[in-house]
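Asks: let's see this in three dimensions:
(chains A and B)
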Amino acid sequence: MSLLETIHLKKYFGDTHAVDDVNLAIEEGEFVSLVGPNGAGKTSFCNVVSAYYTADSGSIIFKGTDVTHASVTERVKAGIARSFQLVNLFDDLTAFDNVALAIFSREGKTRNMAALARRDSAVTGEADTVLGQFGLASKRNELGRSLAQGERKLLDVALAYALRPKLLFLDEPTSGVSTRDKGQIMDTIAAVVRGEGITAVVVEHDMDVVFTYSDRIVVMHQGAILAKGTPDEIRTNDQVAMTLIGSAGPDAFARKE
Amino acid sequence: MTATTTTTTAADAGMASFLRLLVVAMAILFGLALLPAVVDPYQTVLITYGLIMAIAALGFNLLLGYTGLLSFGHSAYFGTGAYTVAFIVRDLGAQSMELCIIGGLAGTVLVSALFGFVCVRHTRIFFGILTLALSQVLWSLAFKFFWVTGGTDGIRVAYAKLTLLGGLVDFAGPGSFQRFIFAYYYYVLGLFTLATVIMWVIVHSPFGMALQAIRDNETRASFVGISVRRYRWIAFVISGAFTGLAGILWVPLNGLTTPDVLYWPFSGEIVFMSVLGGFRTFVGPIVGAVAFNYLKTAAVASTEYWQLLLGVVLVTLVLVLPSGIVGTAARLVSRFTR
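Replies: Model (predicted):
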């Protein structure tokens, strides 16, 4: 049984077919990249599966259960987490509190109003560990808003990761970050995600990054799936090369670089 | 290794700052406890009013400062507390202040749960307008149903009929007013301290952290698994209960409750206290409430056009101290200690 399965999933905005009849299965433990030109429906797909949007039709099966009509919080509790393309943090909380909150929430402790958050050593210890895993230990007491863009990107992912999800959507984790920092951020994320055996679906534009880190690549175009396969299969797929970079041939991706 | 060291030092620093806070709080409490011995009864009454309003502002600020919801209708909960006490004393003949508090709190929790349920479906200006509209409904009820509420005459609640601490302290016989002022000050101070400690724990609890997360980023809060609307509702009810407690304590001191405490300008005063003190800090609303109480008293005493004077003073203060009294003071202190 696949971890996630979408069946005839559709999301239209007027005449725009953002997600158009997508049938996709994601297996447990995979690192899948979702690629495609701007407006291909990659982010929309993540949004529908994570309940940011509601699906127009079709169904979403997660761990064998239909979650098509489940709310955001229900899907989070089931084990679906996500980061955001435009960084989405708690800007007036410290980096530490950002992560600690996610852990409190996961543990069902946010209803507790009779104990001091800082004195819960199980949670504070774990929050510090997570910050350490993402290389943010030295920033623990800085407010979300005062972090650099690359750190904000990492913290955004750390927040989602701290929920210990089964399935993690990462929407352009390296967008708006310098090329130099990209590799480092992806290394950090891949190490953590693979280390924990989390299934990850990453929306990414940089084909270098995609080919380096993915087990499997799904190419989307105009809301539908154009191709799926291993990095090698995608690299030699002329139709994909034409769609993504406008030229084909055995080494189209290499020439582009 | 690094992570462990960070945690330990952070915990130590946290403990140190907690102890420092405790020392300062105890010093202030000690000062407040000595106050009636050194100032005249009139000043004692003034500070009692200030402390009562501080409880109201503390409750209000759980919504504004910590949850990011600006209520323009907190008079509703203050007024509900006040009127419930008046009804309990007048219609049930109760004498125990503790009974009044329990009844009054039950009344405010009921009303704020009902109003909150409607209001937390919205945010920003829509939330503000809804809270305002609902408070005006209560005001018009108090205003129009005069055979129940006494209309603009209000309902009298004589302190002499009341007892404190389950009947241990009563106010019968000569010289009772002085005794009432004195005893009631300590009664209010005790409840104010309790309310402050409870609120401090709430905002520093995981629940309080969740509220601040909702304030900062509602969308992301739901994506870490927090049911935003439910948390807002709970915060609303707690906020209402605190403001209601203030209304309850205010009645015996004022001796009378009128529809004025349900009317929207009174909600405005509560908003103002929080902004004046600094709604981004925990103690801001407390300082703001006490300061506002003095400002208003001074303005009323000095001119017939006191609203005009008060308005000018307040506008000036907000322009000069945009982060409030406490916010500005904190910035000055950190500048000098650096």
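Asks: can you list the weak-confidence ranges in the stretch 101-250 of chain A?
Replies: Segments of the stretch 101-250 of chain A classed as low confidence (criterion: pLDDT under 70) are A:248-250.
Asks: what helix or strand is the residue nearest the centre of chain B on?
Replies: In chain B, the C-alpha nearest the mean C-alpha coordinate belongs to residue B:56, at 1.3 Å (CA atoms, centre = their mean). Under the criterion DSSP states H and E, the helix or strand holding residue B:56 is helix B:41-61.
Asks: returning to what we had before: name the nearest residue to the residue nearest to the centre of chain B, ignoring sequence neighbours.
Replies: residue B:246 (3.5 Å; CB to CB, 6 or more residues apart in numbering or on different chains). The C-beta positions use only the backbone N, C-alpha and C, and glycine is treated the same way.
Asks: how far does the helix or strand where the one you found lies sit from its chain's centre?
Replies: Here residue B:246 sits within helix B:228-254, counting by DSSP H and E. For helix B:228-254, the distance from its own C-alpha centre to the chain's C-alpha centre is 8 Å (CA atoms, centre = their mean, to the nearest Å).
Asks: quick one: buried residues of that helix?
Replies: Along helix B:228-254, these residues count as buried under the neighbour rule (16 or more other CB atoms under 10 Å in any protein chain shown): B:228, B:231-254.
Asks: residue A:127: what's it in contact with?
Replies: Under the criterion of CB atoms under 8 Å, 6 or more residues apart in numbering or on different chains, the neighbours of residue A:127 are A:96, A:99-100, A:103, A:162.
Asks: if we use 6 Å, what do you get?
Replies: Under the criterion of CB atoms under 6 Å, 6 or more residues apart in numbering or on different chains, the contact list for residue A:127 reads A:96, A:99-100, A:103.
Asks: now those residues: which count as buried?
Replies: With burial judged by 16+ other CB under 10 Å, the buried subset of those is A:96, A:99-100, A:103.
Asks: which of these lies closest to residue A:215?
Replies: Of all the buried ones among the contacts of residue A:127, residue A:215 sits closest to residue A:99, with 27.1 Å by CB to CB.
Asks: and the closest residue to residue B:331 other than its chain neighbours, what's its pLDDT?
Replies: Distance criterion CB to CB, 6+ apart; nearest residue to residue B:331, sequence neighbours excluded, is residue B:323 at 7.0 Å. The model reports residue B:323 with a pLDDT of 86.
Asks: repeat for residue B:218
Replies: You'll see residue B:218 listed with a pLDDT of 92.
Asks: ignoring the adjacent residues along the chain, who's closest to it?
Replies: residue B:228 (5.5 Å).
Asks: next SSE after the helix holding residue B:56?
Replies: Moving toward the C-terminus from helix B:41-61, the next element (DSSP H and E) is helix B:75-91.
Asks: what packs against the helix or strand just after that next one?
Replies: Taking DSSP H and E as the definition, the helix or strand that follows helix B:75-91 towards the C-terminus is helix B:97-119. With contacts defined as 3 or more CB pairs under 6 Å, 6 or more residues apart in numbering or on different chains; DSSP states H and E, the secondary structure elements packing on helix B:97-119 are helix B:75-91, helix B:124-144, helix B:228-254.
Asks: a markdown table for these, including mean pLDDT and distance to residue A:246?
Replies: Shown next, in a markdown table, are the helices and strands packed on helix B:97-119 (pLDDT from 0 to 100; distance: least, CB to CB, whole Å):
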| stretch | mean pLDDT | distance to residue A:246 |
| --- | --- | --- |
| helix B:75-91 | 94 | 64 |
| helix B:124-144 | 90 | 45 |
| helix B:228-254 | 95 | 44 |
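Asks: of those, which approaches residue A:148 most closely?
Replies: Per CB to CB, nearest to residue A:148 of the helices and strands packed on helix B:97-119: helix B:228-254, 28.6 Å.
Asks: so which bits of the stretch 101-250 of chain A are right by chain B?
Replies: Taking CB under 6 Å from any CB of the partner chain as the measure of proximity, the stretch 101-250 of chain A contacts chain B at A:101-102, A:104-105, A:109-110, A:112-113, A:115-118, A:128-129, A:132, A:137.
Asks: change it to 7 Å
Replies: Proximity of the stretch 101-250 of chain A to chain B is assessed by CB under 7 Å from any CB of the partner chain, with A:101-102, A:104-106, A:109-118, A:124-125, A:128-129, A:132, A:137, A:140, A:159, A:163 identified as the residues in range.
Asks: please pick the buried ones from the residues you listed.
Replies: If you count burial by 16+ other CB under 10 Å, the buried members of these come out as A:101-102, A:104-106, A:109-113, A:117-118, A:124, A:128-129, A:132, A:137, A:140, A:159, A:163.
Asks: OK, contacts around residue A:79?
Replies: Residue A:79 makes contacts with A:165-167, as judged by CB atoms under 7 Å, 6 or more residues apart in numbering or on different chains.
Asks: how far off centre is stretch B:167-175?
Replies: Relative to its parent chain, stretch B:167-175 has a centroid offset of 28 Å by CA atoms, centre = their mean.
Asks: ok, now stretch A:88-107?
Replies: The offset between the C-alpha centroid of stretch A:88-107 and the centroid of the whole chain comes to 18 Å, using CA atoms, centre = their mean.
Asks: list the buried ones in stretch B:99-118?
Replies: Within stretch B:99-118, the residues that count as buried by 16+ other CB under 10 Å are B:99-101, B:103-105, B:107-109, B:111-112, B:115-116.
Asks: from what I can see the residue nearest to residue B:218 touches residue B:215, true?
Replies: No - Residue B:228 lies out of contact with residue B:215 (CB atoms under 7 Å); the separation is 10.5 Å.
Asks: so how many other residues sit close to the closest residue to residue B:182 other than its chain neighbours?
Replies: Closest residue in space to residue B:182, ignoring its immediate chain neighbours: residue B:36 at 5.8 Å, by CB to CB, 6+ apart. Counted with other CB atoms under 10 Å in any protein chain shown, the neighbours of residue B:36 add up to 19.
Asks: just the one 5 residues further on next, same as before
Replies: Residues near residue B:41, counting by other CB under 10 Å, number 14.
Asks: and it, what is it in contact with?
Replies: Applying CB under 7 Å, 6+ apart, we find residue B:41 in contact with B:178, B:181.
Asks: I'd say the residue nearest to residue B:331 and residue B:280 touch.
Replies: Yes - the criterion here is CB under 7 Å, and residue B:323 meets it with residue B:280 at 6.5 Å.
Asks: centre of the chain versus stretch B:23-30, how much separation?
Replies: Going by CA atoms, centre = their mean, the spacing between the C-alpha centre of stretch B:23-30 and its chain's C-alpha centre is 20 Å.
Asks: output it as CSV, nothing but the C-alphas.
Replies: The C-alpha trace of stretch B:23-30 is given here as CSV (Å, rounded to 0.1, in the frame of the first residue of the first chain):
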residue,chain,number,x,y,z
VAL,B,23,12.4,39.6,43.7
VAL,B,24,11.0,42.6,41.9
ALA,B,25,7.5,41.3,42.2
MET,B,26,7.8,40.7,45.9
ALA,B,27,9.3,44.1,46.4
ILE,B,28,6.4,45.8,44.6
LEU,B,29,3.9,43.6,46.5
PHE,B,30,5.6,44.6,49.8
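Asks: what comes into contact with it?
Replies: Residues contacting stretch B:23-30 (CB under 7 Å, 6+ apart): residue B:193.
Asks: one step back: so the helix holding residue B:56 versus helix B:228-254, what angle?
Replies: Helix B:41-61 and helix B:228-254 meet at an angle of 170 degrees, taking axes from the mean of the first three to the mean of the last three CA atoms, to 10 degrees as the criterion.
Asks: show me what counts as buried in helix B:41-61.
Replies: For helix B:41-61, the neighbour count (16+ other CB under 10 Å) marks B:44, B:47-61 as buried.
Asks: which of those has the weakest pLDDT?
Replies: residue B:44 (91).
Asks: who's in contact with that one?
Replies: Residue B:44 sits next to B:35-36, B:181, B:185 when contact means CB under 7 Å, 6+ apart.
Asks: what of residue A:4?
Replies: Counting by CB under 7 Å, 6+ apart, residue A:4 touches A:26, A:49, A:62, A:167.
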